[in-house]
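*Asks:* Give me coordinates for this.
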Amino acid sequence: MTALPHFDAAAISAVVDMDSAIKALKEAFKDLGKLHPRTQVSLGATDDLLLMPAVTSMGIGIKTVTVISDNPGKGLPLIHAHYLLCDRDTGRPQATFDGSALTALRTPAASGVATEMLAPPEVASLGIFGTGVQAQGHIDAMLSARSSIETIFVSGRTLESTTNFVETASSQGRKILAATPEQAAECDVICGCTSATTPVIPTESVRNGAHINLVGSYSAARREVDTDLITKSSVFVDEREAAENEAGELIYADASDHWDFDLIVGDLSDLCLEKVGRTDNDEITLFKSVGLAVEDVVVAAAVWAAQSN
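*Replies:* I've put the predicted structure just below:
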């Protein structure tokens, strides 16, 4: 049996860059079709196994993901993931992919789509919470979505991790600085890229008109902002049902007397079809992403198509 082609991180980035990934997702969300639920198996209080199937006109795919919270302390990635892409018509396996590399591309690309549709057109500052792979990916995606960004403020769990990230991150020529949570939260665009179980973005520092992307939590046990910030914001999600089941910040807010899921303004499909969007300059817009399996198959299929041409 012939071994399937395998695309590692270098092979993926060689054929599909952030701009291309954002464009592919933006087109896909205009005609999303039926979504398939992920299966989540608890491996502990903050550890999980995720199985993420998806079927689109572009292909059939499934990703397996493990999230082990102690891994960074052991010098290992927080997340390990593997992906299988199959032909839509025949079901024949076509290729395997480094699932973590797909996640590193598709998650910030989805935030890039939301930022293109929701952030003010001219923004100057970007606040990043987190110092992992998603932090770098979100720098790339935000600079793709808003090239006017001049300065990047990074707030990590420790001063050491923040300093190390700032010294090694690719900022495409922009000034990048280690920052306090308050400084990062004062930016025009804010990205939460942490695995926090308690809020890390200080609500009182967020300015009117800001746009916020939250990607760190995908279960009720994790949240990066408090309910006060949720209630102050116009909330958008990648997909409503997924958010109701997995978006920790929103589940927590829904349990209060101050916010409920009916207040979600729209999802990525609504945004891409321009059914909803920012309504004024002072509005705080918040995009909450839990990650959708369809995003993986869209990017994997784009990689497969690009290398086949």
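*Asks:* where are the low-confidence patches of this protein?
*Replies:* 1, 217-219, 309 (pLDDT under 70).
*Asks:* report the longest helix in it, please.
*Replies:* Using DSSP state H, we find that the single longest helix of the chain is helix 99-118.
*Asks:* my read: Ala24 touches Val298, true?
*Replies:* Yes - using C-beta atoms under 8 Å, Ala24 makes contact with Val298 at a distance of 5.4 Å. For glycine as for every other residue, the C-beta is placed from the backbone atoms N, C-alpha and C.
*Asks:* who's more crowded, these two?
*Replies:* Neighbour count, other C-beta atoms under 10 Å: between Ala24 and Val298, Val298 has more, with 27 against 23.
*Asks:* What separation is there between the more buried one and Arg88?
*Replies:* 12 Å (C-beta to C-beta, to the nearest Å).
*Asks:* shared neighbours of these two, which are they?
*Replies:* Here Val298 and Arg88 have 56, 58 as joint contacts, going by C-beta atoms under 8 Å, 6 or more residues apart in numbering.
*Asks:* OK, contacts around Pro121?
*Replies:* By C-beta under 8 Å, 6+ apart, the contact list for Pro121 reads 146, 148.
*Asks:* Report the separation between it and Arg38.
*Replies:* With distances taken as C-beta to C-beta, Pro121 is found 34 Å from Arg38.
*Asks:* try His211
*Replies:* 26 Å.
*Asks:* could you pull out the helices for the stretch 1-150 of the chain?
*Replies:* Remark: helices assigned in the stretch 1-150 of the chain by DSSP state H, counting those that start in this stretch are 9-15, 18-28, 99-118, 133-145.
*Asks:* can you put the ones you listed in TSV and add distance to Asn71?
*Replies:* Below are the helices of the stretch 1-150 of the chain laid out as TSV (distance: least, C-beta to C-beta, whole Å):
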stretch	distance to Asn71
helix 9-15	18
helix 18-28	25
helix 99-118	12
helix 133-145	12
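*Asks:* Out of these, which gets nearest to Asp257?
*Replies:* helix 99-118 (27.0 Å; C-beta to C-beta).
*Asks:* ok now the closest one, how far from the chain's centre?
*Replies:* Relative to the chain's own centre, helix 99-118 is displaced by 5 Å; criterion: C-alpha atoms, centre = their mean, to the nearest Å.
*Asks:* Ala185 is in contact with Ser125, correct?
*Replies:* No - in this structure, Ser125 is not within contact of Ala185 by C-beta under 8 Å, at 10.7 Å.
*Asks:* When those two are compared, which one has more neighbours?
*Replies:* The neighbour comparison of Ser125 against Ala185 (other C-beta under 10 Å) goes to Ala185, with 26 against 21.
*Asks:* How about the more buried one, nearest residue that isn't a chain neighbour?
*Replies:* Ser205 (3.7 Å; C-beta to C-beta, 6 or more residues apart in numbering).
*Asks:* okay, now that neighbour: neighbour count?
*Replies:* Using other C-beta under 10 Å, Ser205 is surrounded by 17 other residues.
*Asks:* can you check Asp267 too?
*Replies:* Number of residues near Asp267 (other C-beta under 10 Å) recorded here: 23.
*Asks:* just checking, it touches Val235?
*Replies:* No - contact between Asp267 and Val235 fails when scored by C-beta under 8 Å: they sit 10.4 Å apart.
*Asks:* so what's the closest residue in space to Pro72 that isn't next to it in sequence up against?
*Replies:* Of all residues not flanking Pro72 in the chain, Leu78 sits nearest, at 5.6 Å (C-beta to C-beta, 6+ apart). Residues near Leu78 by C-beta under 8 Å, 6+ apart: 67-69, 71-72, 132, 195.
*Asks:* how close does the most centrally placed residue in the chain sit to Pro93?
*Replies:* In the chain, the residue lying closest to the centroid (C-alpha atoms, centre = their mean) is Thr107, at 3.4 Å. Distance of Thr107 to Pro93, given as C-beta to C-beta: 24 Å.
*Asks:* Please apply the same query to Ser308.
*Replies:* From Ser308 across to Pro93, the span is 15 Å (C-beta to C-beta).
*Asks:* Which one's more surrounded, these two?
*Replies:* Neighbour count, other C-beta under 10 Å: between Ser308 and Pro93, Pro93 has more, with 13 against 8.
*Asks:* correct me, but that one touches Cys86?
*Replies:* Yes - using C-beta under 8 Å, Pro93 is in contact with Cys86, at 5.2 Å.
*Asks:* Would you mind giving the domain segments of the protein?
*Replies:* As recorded under automatic domain parsing, the domains making up the chain are 6-103+294-308, 109-292.
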